[in-house]
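Participant: take this sequence and fold it.
(2 chains)
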Amino acid sequence: MSEFLTYTIIGLVTGCIYALTASGLVVTYMTTGILNFGHGAVSMVAAFAYWQLTIEWHMPVLLALILVILVGAPVFGALLERLLMRPLQGKPVELQVVVTVGLLIFLLGLANLAWSPAASATRTLPRFFSGHSLKLASVFVDYHSIVVVAVAVAVAIGLRFFFSVSRTGVAMRAVVDNPGLAAMAGARPNRIAQFSWALGAALAALGGVLLAPLQGALNIDLLTLTVILAIVPAVIGRLRSLPLTVAGGLVIGLAVTYAVGYLPPDSFVAKAQTAIPMVILFVALVLLRQERLRSGRVTGMTIARAPSLSRSLVAAGVFIVVAVVVSELVSGVNLGTATRGVVLGIAFLSLVLLTGYAGQVSLGQMTFVGTGAYAMAHLGHHGSLVGVLAAVAVSGGLGALVAIFAVRLRGLYLALSTLAFAYAMDYIFFDQHFGPYGSGLSVDRLHVPGLDTTSDKGFFILGAVIFALAGVGLLALRRGRYGRRLAALNDSPQACATLGVNIAYTKLAVFSASAALAGLAGALYGGQQHLVTSADFQTFNSLVLLLLVLLGGKSLVSGALATAVLYALFPVLQQHVPSLSNIQYVLVGLGALTLGRNPEGLGGQITRLRDLLVDRSGRAESGPAWTVEGERLVGADG
Amino acid sequence: MGVTANAIQIANVSDLSGPVPGLFQGAVVGTRAYLNYVNSQGGVYGRQLDLQPVDSETDCNQTQNAYNSEVNKVFAFVGGFALYDNCAAQVLSQHTSVPSVQYMLSAPALALPNNFSVDPIQPGEYTNGYFKYYNTKLGGDVQHVGTVYPNIPSAVAQEQGFQNSAQSVGWKFIYTRAADATETNFQTDVIRMQSDGVKIVFLAATNAENAAILISEIRQQNWNPVIIAPVAYASNFVQLVGGQQAAEGILGAQLFSLFFNASDASAIPEVALFQQWMQRTAPSQALDLEGMYGWAEAALFVKALKAAGPRATRTSLLAALHGVKQFSDNGMIGQADPGDRQPTNCYVLWQIHNGQFERVDTSTSSYRCDGTMAS
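Facilitator: Below is the predicted model:
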């Protein structure tokens, strides 16, 4: 009993940290409908800023706390809302996700520049009231942990009163329910949204300052990651209930503590306890009633016209010819990088299908690339085609499996379920099955009669041909009956269902097809690398993959190609400008942040420009190249 | 290849960017520091040693790219440190004529016929010398050992070596948990070890930061097990663990000198030289493990290069490396046999006292060499 009490106390303290950080997420989501994936990064920057002020610049603790939590963070939050989040209102959920992921990456890059991790071991923050502890049951709890609990309770109670009693709080709730109506009643939705982002950022900063001393030396990635897990209690609280969010935080804290406390220490669960919150997230998403969940609106803002079959074939032919020429001109490391770009381009295409055409979001696409590489490693010996077929089948099957559980979810919740799946796979599968001591898996290259794929040149051409075929196939699908069904699903699942379209089957099929295409990319990616490790397929890479696809233009095959080319060129540029490696996170993050104002991405801008030029020269084809939500004719293929 | 009348070109491939920018910067600085020292003495047979640092970006593909881009340009690879050295092994295994003098982590890299190291220890093996020593000092307590280590490949392999070696002389681990790499709360482990009757907490395969957190939590619970934490030998450890009082009495052992201590610098000239040239080369660089290994690997390379003669080729250098049967870098590290790939069985014992790492039962400039390899 004493042991149980001890673990319970430890679990509750841990849970309070989750609850506290999750509260900030809920506050911003409640009023703006945007889940901030960059919340953890805001916490991290605040913790580092607090360290800078108190330890480096010897500022009094109280003054530093005021500057960081009550001044710096709220101003930053308000600016975020004004500059980045306001343009995202009503935009597709994947755009909202990617812009906040961009914020996360941007802040990570900025923190790495400002506080070099090479010196991270020298940065520590003392706990509040260090050296003092209180005995509860048979466990000594230090005063810092008691402060954490007290603050978490105070914040929960304070927010509860704020939203139910104060004028601003009530107005915030009114804005959540109906912004238009609230505006007519005198509330100012934009001002309220700005206030909620300021409040959310302040809570993130508070969480960061309290959490950092518990983690030893300040660590940019670790702090950010820990706070990302706050998404779990926030979802348990349905992203709008603060009491349930607090309860969710406590449940997670207790679950993790009991797992380590009671299960055999060498058991799988005790080792992979970090995955527990994400497993809980997946279960919560599947079990919670969908109608009670508020999901981001999927409005299918714009979609590119698909070119005709003859134009697709000509473009594919030109691309292959260019690839052959490139393979003659480029060699060595650069050719290897180009091959990686082309092969990952196929993974980009899998997201064009899923996100661009069908409007579904996957935050775990690299997981399917990884299972494809795994299948190729085990069944594709000597480059056997069986390996590639297995890669397609295994990843496609896994995609279908995820879809079966997640098929009734929409928008943000669907995205979160794929995130939870990918995160759990990192621990359950990739860390365990990629060679002894994680040394990696050797993957043979697909053997094609008549083409020497063991040479870098031959394999690059093979990758280019498969990319071209996948692109042509995707465009054909887009023009066909199934493509029109996907476009309709993208526009309005409700309208689709009314017209008799089987939504569940359509979603299942597109998830499976997209995962299968990612599996194909994985089989080729493994062959290109020769050796793949679990790090290649971690969840963070999936977020970057989605971000890059949106930067290129989510519904454009040419956008996927442009992104692949940029991806391949970046390391080459880096060879000539080494300092680029230090700012790549900042650049990618900045690119993503522009998506709020430029949702079509790079490919969309190029296509618009091209169509504008065609229009001016009087050679425009009939019908618009881009159709805007509300104007689109389902099935129009130009 | 990579040799001119006046210079020899050497590459150092280390993780300098990626998730942790500057991760193994120490390896570059340590290697460069030694080469700067040698160059200040006139180089080797009149040739200056030029170091080309290349960033492997903590990424398998970039590690392969880095090796591929240098393999036909440089004379040898020296002193590098890369987490994905198994990916480096893929390249080096196709160029077995290229000498590599580096501390490797993975089994494929350690198995390379052209790689030599001052500490060629294989995954899963370790000398049992200091475990035997603690047997005599701690008696039956070695039957009640608890440990926590990160569930990441290199740490798991390392931990396996420590446990195999300890168990070979009668230690019994009654609590072991491979914690996730991102875990920083070990309170539950501490409570559980306490209730399981653990008498020795052994921390060797984790990092200094996590060891400090765990020890802080042990102190917080007013629990007083024997703490043996070889991983604690880091210049900022006392600060990390919360000060002199919290660090007092922690025991440790290692296969190299107390390389950042002033006491060892005054007793072992090579340690003083290391500290002096590290300061000259990069004053802001901490004296860390990678820096120490970078220095020692460069010293092994130069020793073999001199043995290969003024007309050294890659082939003659490899032969010279095979011929180095005893190497301790003048006492900087425990003596090993790099030529036959036999790791050292020597060690130094220490204890933290008044916030300082002090040698225990090990004379000032020497090692205890009474262990045997166990796996």
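
Participant: give the buried residues for stretch A:479-488.
Facilitator: Within stretch A:479-488, the residues scored as buried using 16 or more other C-beta atoms under 10 Å in any protein chain shown are A:479, A:482-488. All C-beta atoms are positioned from the backbone trio N, CA, C, and that covers glycine.

Participant: of all of chain B, which residue lies closest to chain A?
Facilitator: Per C-beta to the nearest C-beta, residue B:22 is where chain B lies closest to chain A, at 2.5 Å.

Participant: any idea which element the spatially most central residue of chain A lies in?
Facilitator: By C-alpha atoms, centre = their mean, chain A has its centre lying nearest to residue A:543, at 3.6 Å. Taking DSSP states H and E as the definition, residue A:543 sits inside helix A:539-552.

Participant: swap in residue A:508?
Facilitator: Using DSSP H and E, residue A:508 sits within helix A:503-529.

Participant: and the longest helix for the chain?
Facilitator: Unless you meant another one, I'm taking chain A. Ranked by residue count under DSSP state H, the longest helix found in chain A is helix A:2-32.

Participant: not what I meant, chain B
Facilitator: helix B:289-308.

Participant: buried residues in the helix or strand following that helix?
Facilitator: Reading on from helix B:289-308 to the C-terminus, the next helix or strand found by DSSP H and E is helix B:314-322. Within helix B:314-322, the residues that count as buried by 16+ other C-beta under 10 Å are B:314, B:316-321.

Participant: residue B:17: neighbour count?
Facilitator: Neighbourhood size, residue B:17 [other C-beta atoms under 10 Å in any protein chain shown]: 23.

Participant: output the below-cut-off pLDDT ranges for the stretch 1-150 of chain A.
Facilitator: Low-confidence segments of the stretch 1-150 of chain A, defined by pLDDT under 70, are located at A:1, A:117-121.

Participant: now the helices for it?
Facilitator: In the stretch 1-150 of chain A, the helices defined using DSSP state H, counting those that start in this stretch lie at A:2-32, A:39-51, A:61-65, A:73-80, A:93-114, A:143-164.

Participant: which strands or helices does the fourth one pack on?
Facilitator: On a contact count with 3 or more C-beta pairs under 8 Å, 6 or more residues apart in numbering or on different chains; DSSP states H and E, helix A:73-80 meets helix A:39-51, helix A:189-211.

Participant: how about the longest helix of chain A, does it reach chain B?
Facilitator: Yes. Counting by C-beta under 8 Å from any C-beta of the partner chain, chain B is contacted by helix A:2-32 at A:3, A:6-7, A:10, A:14.

Participant: how is chain B divided into domains?
Facilitator: What automatic domain parsing lists as the domains of chain B is B:7-119+B:263-322, B:126-254+B:346-374.

Participant: before we move on, back to that, need the buried residues of stretch A:479-488 in TSV (columns: pLDDT).
Facilitator: Putting these into TSV (pLDDT from 0 to 100) gives the following:
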residue	pLDDT
A:479	89
A:482	86
A:483	86
A:484	84
A:485	85
A:486	87
A:487	83
A:488	82
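
Participant: restricted to helices, list the residues you listed.
Facilitator: The members of the buried residues of stretch A:479-488 that map onto helices under DSSP H are A:479, A:482-488.

Participant: Serialize the buried residues of stretch A:479-488 to a markdown table and add fields for distance to residue A:103.
Facilitator: Converted to a markdown table, the buried residues of stretch A:479-488 look like this (distance: C-beta to C-beta, whole Å):
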| residue | distance to residue A:103 |
| --- | --- |
| A:479 | 36 |
| A:482 | 35 |
| A:483 | 33 |
| A:484 | 35 |
| A:485 | 34 |
| A:486 | 29 |
| A:487 | 30 |
| A:488 | 32 |
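
Participant: which one of these is nearest to chain B?
Facilitator: Among those, residue A:486 lies closest to chain B (C-beta to the nearest C-beta), at 33.5 Å.

Participant: which residues touch the closest one?
Facilitator: A:357-359, A:478, A:506, A:510 (C-beta atoms under 8 Å, 6 or more residues apart in numbering or on different chains).

Participant: closest to residue A:156 among the residues you listed?
Facilitator: The shortest gap between residue A:156 and any of the contacts of residue A:486 belongs to residue A:359, at 35.9 Å (C-beta to C-beta).

Participant: three-state assignment of that closest one?
Facilitator: coil (DSSP: H, G, I helix; E, B strand; the rest coil).

Participant: tell me the backbone dihedrals of it, please.
Facilitator: Dihedral pair for residue A:359: phi 70, psi 20, per degrees, to the nearest 10.

Participant: and the one 5 residues further on, by the same measure?
Facilitator: For residue A:364, the backbone dihedrals are phi -140, psi 30 (criterion: degrees, to the nearest 10).
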